[in-house]
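Engineer: A structural model of the following input is requested.
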Amino acid sequence: MRTRRPPVVVASLSRFDALTSNRSPSFFELLGLAETFEIDPQDLQDRWKTAAAKVHPDRFAGGTAAERRVAMQWSAQLNEAYRTLRDPVSRARYICELNGHPVGDRPGGQLDADFLEQQMLWREALEEIRESTGSDDSQAPLHTREAVDSLRVQVEQARQACVTQVSRMIDAQCWPQAAAALQQWMFVDKFMQEVSRLKLTGS
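Structural biologist: Down below sits the predicted model:
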């Protein structure tokens with residue numbers, strides 16, 4: 001696990017050019033962050049703003065072509081680092097990838113039998129709700145609205161359990177387990193989107 005260090009963006013463009021010519025720094029290194037899942041969002045934003053201001057292309061409008069090129073490259077990397085690290089799922093995926101366990105866009109490759117069984121039960125519950133509402137879900141009966149609320153609570157609890165497991169496994173550097181927990185998290189998020197599309201009065 002890499003530890004917190006000063007941001008790479010602390011010196012001249014020439015230093016950055018020299019660094020990136022040999023090895024591209026990780027997104028965590030660019031912003032001087034430890035390679036951990038838990039990140040203070042405000043600290044991340046502050047670091048990004050400070051670093052981005054130092055290499056904004058406008059500051060080098062009068063520089064050489066090489067300086068302008070490096071400034072644009074650095075600025076693009078910082079923006080990508082910020083976008084990746086500010087989102088918990090993409091941050092976890094990035095950490096897993098850095099440590100040799102990439103997780104694809106499509107969840108499901110590492111789901112265990114118990115989790116798959118739970119998904120089947122949720123799917124059945126969702127289909128029952130859809131059948132009970134028909135084409136006009138705004139007039140869903142009370143028991144259907146209660147079923148939706150219950151399903152949402154179950155899925156949200158499962159999501160929180162996945163987040164906790166991902167964080168623990170990353171901290172423990174148990175990469176296969178972290179990747180598996182992340183796959184479950186992504187699956188739960190996708191299912192929650194389906195549940196959220198139900199527009200029931202009073203739900």
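Engineer: Which parts of the chain are helices?
Structural biologist: 13-22, 27-30, 41-54, 65-86, 88-98, 113-133, 142-171, 175-196 (DSSP state H).
Engineer: which one of these is the most hemmed in?
Structural biologist: Of all these, helix 27-30 has the most neighbours on average by mean count of other Cβ atoms under 10 Å, namely a mean of 22. Bear in mind the C-beta positions are built from the backbone N, C-alpha and C, glycine included.
Engineer: Is it possible to get a markdown table of the helices of the chain that adds distance to residue 104 and mean pLDDT?
Structural biologist: A markdown table is the format used below for the helices of the chain (distance: least, Cβ to Cβ, whole Å; pLDDT from 0 to 100):
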| stretch | distance to residue 104 | mean pLDDT |
| --- | --- | --- |
| helix 13-22 | 27 | 51 |
| helix 27-30 | 19 | 94 |
| helix 41-54 | 25 | 94 |
| helix 65-86 | 16 | 87 |
| helix 88-98 | 9 | 97 |
| helix 113-133 | 17 | 89 |
| helix 142-171 | 16 | 92 |
| helix 175-196 | 9 | 94 |
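Engineer: So residue 177 versus residue 103, what's the distance?
Structural biologist: Distance from residue 177 to residue 103, counting by Cβ to Cβ, to the nearest Å: 12 Å.
Engineer: just residue 174 next, same as before
Structural biologist: Distance, residue 174 to residue 103, using Cβ to Cβ: 14 Å.
Engineer: Ok, residue 121 next?
Structural biologist: In terms of Cβ to Cβ, residue 121 sits 24 Å off from residue 103.
Engineer: Residue 186 versus the residue most central in space within the chain, what's the distance?
Structural biologist: Centroid check for the chain by Cα atoms, centre = their mean gives residue 89 as the closest residue, at 2.1 Å. Taking Cβ to Cβ as the measure, residue 89 falls 6 Å from residue 186.
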